[in-house]
Structure formats: structure tokens, C-alpha cells
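A.B. asks: got a predicted structure here, sequence first:
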Amino acid sequence: MANELFTYALIAAFAYLLGTIPFGLLLTRGAGLGDIRGIGSGNIGATNVLRTGRKGLAAATLLLDGGKGWLAVAWIKQYGHGGVALAALFVVLGHIFPLWLRFKGGKGVATGLGVFYALAWPVGAISCAAWLLTALLLRISSAAALVAYACAPLSAWYITHSWKITVLAALIAALVYWKHGANIRRLLAGTEPRIGKKASA
């Protein structure tokens, strides 16, 4: 029993620490753009990186943030261990609440999508397709994220018929929605900025 609890603790710690890697911050600093938290929304995710005008850096941030979500789950999943759900949740928590940045991280969108791909790739594919279609139609990243994460629990249940995966998708979606509180208010007010709008500072 003690060994099993220790294993679960290690899985949670591994996933959390992996999630805390702030790729957007590291890439923009490495490119000589300074601290991404000082421009635009102040977020460390790909959407705010795109506001620097560096599309390549934004794409790299998106892939790396998604990749750490996928890796945390896929690594545990290959061993058939019951800690997959724990890894999925904690890698997203690590991205949103990174110890190194005083628990002020990203919104979990790309990392969560990576998690969905590792849990059941069709769920990840549907969520990404929903994000892309909404982004193309509205040109608003937050709206695209909200639509994608509304689709995630529904597609998880429809595809997997697993209540565990469905509840996990719903929990991650709830975290993403919570982090988008200010965005939701701006969407309702019609003041949410569009994708690609450069930072004014």
C-alpha cells in the first residue's frame, strides 16, 4: 500500500513538474523579446506569443505546450498504470500553476489538448478541429478554446464510453473555463481581441 501511494505521488510530481516548464517564456526570452508576461495579456501561452509578431515562436510554444501534456500521459499509459488520470490532471495544473512563476502560468488550452490526444486521440482530434474551425470563423482564440473544451467531454463520452475519461475531460475543461473568466466577460462585452493582434506594449 505504501509503495503504491509513493508511486502515485511520483507520478503526480513528475506530471506537475513537466507541466511547469514555461516554453512560451523561455522561447521569447531566448529570442531576445524579453519577458512575455509584460506584453499583451501577460499570458505565457501561444496566443500571447503570437502578439509579438513571431509566428514561428507561437507555433513552437503551441507544440511544446501540447507535447508536455501528451508526454505526461503517454509515458504513464505505456506501463498500464492506474495513475494515468493523475498524470493528466497534474500536468495541466503544473502549466496553470507553475511553482517557478509564483503559480501564475498559462490557461491550459494546448497542454489539455495534448492530454486528450494521449488519452484517446479522436477526442484530441475533435477538440482541435473545433478549435481550428471556430478560430477560422471568429478569429478569436478564447472563443475557439471555449468551444473546443465544450466539445471535449461530449466527444470523450461518445467515443470512449468511459466515465473516467469523460469526468477527467470535464475537470480539465472546467479548469480552462475558469482561467478564461476574464475572456468570457470580454466576449460578452464584445471587446475580446482577435488572433494575431500585436501587443501595444
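C.D. replies: Nice, I can see it.

A.B. asks: so where do the strands sit in the protein?
C.D. replies: Along the chain, no segments are classed as strands by DSSP state E.

A.B. asks: longest helix anywhere in it?
C.D. replies: Using DSSP state H, we find that the single longest helix of the chain is helix 55-77.

A.B. asks: so which bits of that helix are buried?
C.D. replies: Within helix 55-77, the residues that count as buried by 16 or more other Cβ atoms under 10 Å are 57-58, 60-62, 64-76. Backbone N, C-alpha and C define where each C-beta goes, glycine included.

A.B. asks: what's the answer for stretch 103-119, then?
C.D. replies: 105-119.

A.B. asks: what's the closest of those residues to Gly19?
C.D. replies: Set against Gly19, the nearest of these by Cβ to Cβ is Thr111 (6.3 Å).

A.B. asks: ok, that closest one - contacts?
C.D. replies: Going by Cβ atoms under 8 Å, 6 or more residues apart in numbering, Thr111 touches 19, 65-66, 68-69, 91-92, 95.

A.B. asks: going by distance to Leu101, which of those residues wins?
C.D. replies: His95 (10.3 Å).

A.B. asks: isn't the closest one right next to Leu64, touching?
C.D. replies: No: His95 lies out of contact with Leu64 (Cβ atoms under 8 Å); the separation is 10.9 Å.

A.B. asks: list the contacts of Thr134.
C.D. replies: Contacts of Thr134 (Cβ under 8 Å, 6+ apart): 140, 143-144, 147-148.

A.B. asks: are any of those residues buried, and which?
C.D. replies: Neighbour-count burial (16+ other Cβ under 10 Å) is assigned, among the contacts of Thr134, to 140, 143-144, 147-148.

A.B. asks: now, these that are in helices?
C.D. replies: If you go by DSSP H, the buried ones among the contacts of Thr134 have 143-144, 147-148 in helices.

A.B. asks: in JSON lines: those, plus distance to Gly32 and pLDDT.
C.D. replies: Below are these laid out as JSON lines (distance: Cβ to Cβ, whole Å; pLDDT from 0 to 100):
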{"residue": "Ala143", "distance to Gly32": "32", "pLDDT": "97"}
{"residue": "Ala144", "distance to Gly32": "29", "pLDDT": "97"}
{"residue": "Val147", "distance to Gly32": "35", "pLDDT": "98"}
{"residue": "Ala148", "distance to Gly32": "32", "pLDDT": "98"}
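
A.B. asks: adding distance to Arg186, write those residues out as a markdown table.
C.D. replies: Listed next are those as a markdown table, based on distance: Cβ to Cβ, whole Å:
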| residue | distance to Arg186 |
| --- | --- |
| Ala143 | 10 |
| Ala144 | 14 |
| Val147 | 16 |
| Ala148 | 18 |
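
A.B. asks: so who does Ile36 touch?
C.D. replies: 24-25, 28-29, 42-44, 48-49, 52.
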